[in-house]
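A.B. asks: Okay, structure incoming, though there's no sequence with it:
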């Protein structure tokens, strides 16, 4: 979709350029320092191997699968490898970061689009993306008796589309609206405060220009044998946001 199409549709992108995309976390929360505050440069000083950092400028096409595969090739130093092998390696690394079976269904349903002839120009679906970052862990805050400052630090999935359009996809499991009491008991009790935090954060993202699309964990798990409704969601999302740009750029 070109600039005129975006403007005519009423779609509003997110203001400001991207500096760093920290995503695909597989372990401990990384320790990040601002190595050059004026330029917004960040450096991971601990647990750097637990996540990926994309710091290349985005093209007019946003971040496509082809662009991410090219970045992964440079990151891993496999310059002589076939594109298919690099793409498979990237898929495996991203899949390893998923936190639940339900997230896996969303990831698989979208990744099936990469088999299309224009698969490399499709948007890259990024899992476990840090949108906010608290330098302290939850445990550190408990030890220091400091209140929690951020309700949510990571998005489950993010699509970066042309003209600054950013689509957040959240998989809302019961931990978003209930607490296990006591822990380990398997007994969950409704927690209105958690639900309120979740919807407040969704509102905040929308006001910043993000498109937020939540899935219920239960609906995904019940559809494990038939993912057509997830694929249909992505088809309709494509028709609204990026269909005109398919096949253009990497």
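C.D. replies: Thanks, I have the structure now. Quantities reported herein were computed from a predicted structural model and do not represent experimental measurements.
A.B. asks: And the helices in this protein, which stretches?
C.D. replies: Remark: helices assigned in the chain by DSSP state H are 3-9, 65-76, 83-96, 101-111, 138-143, 192-207, 217-222, 228-241.
A.B. asks: between those, which one is nearest to residue 131?
C.D. replies: helix 192-207 (7.7 Å; C-beta to C-beta). Glycine gets a C-beta too; all of them are placed from N, C-alpha and C.
A.B. asks: What is the neighbour count of the nearest residue to residue 101 once chain neighbours are set aside?
C.D. replies: Nearest residue to residue 101, sequence neighbours excluded (C-beta to C-beta, 6 or more residues apart in numbering): residue 221, at 6.6 Å. When neighbours are defined as other C-beta atoms under 10 Å, residue 221 has 13 of them.
A.B. asks: ok, now the one 3 residues further on?
C.D. replies: Neighbourhood size, residue 224 [other C-beta under 10 Å]: 11.
A.B. asks: List the contacts of the closest residue in space to it that isn't next to it in sequence.
C.D. replies: With sequence-adjacent residues excluded and distances taken as C-beta to C-beta, 6+ apart, residue 224 is closest to residue 105, at 6.5 Å. Residue 105 is in contact with 220, 221, 223, 224, 227, 230, counting by C-beta atoms under 8 Å, 6 or more residues apart in numbering.
A.B. asks: need these in JSON lines with distance to residue 99, can you?
C.D. replies: Shown next, in JSON lines, are the contacts of residue 105 (distance: C-beta to C-beta, whole Å):
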{"residue": "220", "distance to residue 99": "13"}
{"residue": "221", "distance to residue 99": "14"}
{"residue": "223", "distance to residue 99": "18"}
{"residue": "224", "distance to residue 99": "17"}
{"residue": "227", "distance to residue 99": "18"}
{"residue": "230", "distance to residue 99": "17"}
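A.B. asks: Nearest to residue 63, out of those residues: which one, please.
C.D. replies: Closest to residue 63, out of all of the contacts of residue 105 and judged by C-beta to C-beta, is residue 230, at 20.7 Å.
A.B. asks: What is the neighbour count of residue 41?
C.D. replies: The burial count for residue 41: 13, using other C-beta under 10 Å.
A.B. asks: what stretches of this structure score poorly on pLDDT?
C.D. replies: 1-18, 34-40, 132-138, 140-142, 144, 146-152, 176, 244-250 (pLDDT under 70).
A.B. asks: about what we covered before: same list, the helices of the chain, but as TSV with distance to residue 157 please.
C.D. replies: Shown next, in TSV, are the helices of the chain (distance: least, C-beta to C-beta, whole Å):
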stretch	distance to residue 157
helix 3-9	21
helix 65-76	13
helix 83-96	10
helix 101-111	6
helix 138-143	22
helix 192-207	13
helix 217-222	12
helix 228-241	11
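A.B. asks: on that earlier part again, the residue nearest to residue 101 and residue 84: what is the separation?
C.D. replies: Residue 221 sits 31 Å away from residue 84, going by C-beta to C-beta, to the nearest Å.
A.B. asks: Same question for residue 125.
C.D. replies: Distance from residue 125 to residue 84, by C-beta to C-beta: 18 Å.
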